[in-house]
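> Model the structure of this input:
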Amino acid sequence: MRSKELHLKERALKDSLLILSRVFEFAMKHDGIIQDNPVKYVDLQNYYKNCDISTKCSDEKIYTEEEIESIKKRIRQEMSEKKYDPIGYAMLFSIETGVRVAEIPPLRWEDITEKGIHIHRQQRMTRIKGEGRTFEELPYTKNERLHPKGGRFFPITDAIEDILTELKELQEKLGISSEFIFCDEKGEWLNKETYAQRLRRMCRRIGYEITNNHAFRMSLNSNVLIPLNIKVTERAYLLGHSVEINERYYSHMRTESLDDIKDQLNRPFTQRSRIKLIKFGNKKIS
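All right, here's what the predicted structure looks like:
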């Protein structure tokens, strides 16, 4: 009955049952409060029919190229109002690389190599009762938690090099020394929550409904990598996930690409007409 009222997404339903299962498992292991885990008898198929299966369209998931430019302009505007703004540089960097928000704080200058930017760590936030939030570094990225592969490398483009060079020169000018690329004035790493809040507030001020860093990842894939005809295996590697994930969740059609599609559809028609003229001795077909 509650599943009908809540109208959950399939993922949310599975996560809810997982939490319940762990609660019952805890009860089983401690003093034998219960003898069995009732969750294992739940048939999910009976509840999937009550799930919300609607999906967001592309315009609700990714930024257009024009919106990305507006965001860059706004970032630069806000940066000009501050003596030192590492979060601003981090946002510009994220737009160009599609890094996850948790992958930004642990990045070190030593991760800038000839092969590219070595992305192989992430920051984890934990809430401890009575102590608030704590942030720790994990030696793997989200997709390599179970199967570590040493991380991934993202090529250093001219735009990325300009951002990093500008940031390094500013840090040297202000006497800021740190192993972390995006550090505060004391040289300490940023925390992903502060970054996410700043990005969310900025996007809302601009008037955008999409306010998360994840949209940068999806926009880079759909607006840049796909139009450049970069193979899906390479796109998946650059963003740090599987080919299946890339094709299913990250590859969205750009609204402005309709004109390109029209041109592509017209091209075969022109070619077919030319073939007919050749086949029928240049005799026009009415």
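
> Any chance you could list what contacts the one helix or strand Glu244 maps to?
Glu244 belongs to helix 243-245 when assigned by DSSP states H and E. Contact partners of helix 243-245, identified using C-beta atoms under 8 Å, 6 or more residues apart in numbering, comprise 232-233, 236. The way it works is simple: take the backbone N, C-alpha and C, and place the C-beta from them, glycine included.

> again with stretch 168-176
By C-beta under 8 Å, 6+ apart, stretch 168-176 touches 83-84, 109, 177-178, 183, 185, 187.

> Alpha carbons only: can I get stretch 169-182 in PDB?
Presented in PDB, the C-alpha positions along stretch 169-182 are these (Å, rounded to 0.1, in the frame of the first residue of the first chain):
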ATOM      1  CA  GLU A 169      50.800  31.300 -10.500                       C
ATOM      2  CA  LEU A 170      48.200  32.900  -8.200                       C
ATOM      3  CA  GLN A 171      49.000  30.500  -5.400                       C
ATOM      4  CA  GLU A 172      52.700  31.400  -5.700                       C
ATOM      5  CA  LYS A 173      51.900  35.100  -5.800                       C
ATOM      6  CA  LEU A 174      49.900  34.800  -2.600                       C
ATOM      7  CA  GLY A 175      52.400  32.500  -0.900                       C
ATOM      8  CA  ILE A 176      50.100  29.500  -0.800                       C
ATOM      9  CA  SER A 177      52.000  26.200  -0.700                       C
ATOM     10  CA  SER A 178      50.300  22.900  -0.800                       C
ATOM     11  CA  GLU A 179      50.400  19.400  -2.300                       C
ATOM     12  CA  PHE A 180      46.700  19.800  -3.200                       C
ATOM     13  CA  ILE A 181      45.800  21.600  -6.400                       C
ATOM     14  CA  PHE A 182      42.500  23.100  -5.200                       C
END
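
> quick check: mean pLDDT across that stretch?
Mean pLDDT, stretch 169-182: 98.

> Then stretch 195-204?
Stretch 195-204 comes out at a mean pLDDT of 97.

> for that stretch, which positions count as buried?
195-196, 198-199, 202-203 (16 or more other C-beta atoms under 10 Å).

> ranges for the strands of the stretch 151-286 of the chain?
152-154 (DSSP state E, counting those that start in this stretch).

> any low-confidence regions in it?
By pLDDT under 70, the low-scoring segments of the stretch 151-286 of the chain are 249-286.

> circling back: closest to Leu92 among the contacts of helix 243-245?
Ala236 (23.7 Å; C-beta to C-beta).

> So which residues of the protein form helices?
Secondary structure of the chain (DSSP state H): helices located at 2-6, 10-29, 45-48, 65-80, 86-97, 158-174, 192-206, 214-219, 232-239, 243-245, 258-279.

> nearest to Phe135, of the ones you listed?
Using C-beta to C-beta, the nearest of the helices of the chain to Phe135 is helix 192-206, at 7.7 Å.

> got the end-to-end distance for stretch 35-43?
20 Å (C-alpha to C-alpha, to the nearest Å).

> May I see the contacts of stretch 168-176 organised as TSV, with neighbour count and distance to Phe24 added?
Below are the contacts of stretch 168-176 laid out as TSV (neighbours: other C-beta atoms under 10 Å; distance: C-beta to C-beta, whole Å):
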residue	neighbour count	distance to Phe24
Lys83	8	54
Tyr84	16	51
Trp109	13	48
Ser177	9	52
Ser178	17	46
Cys183	22	44
Glu185	13	49
Gly187	13	47
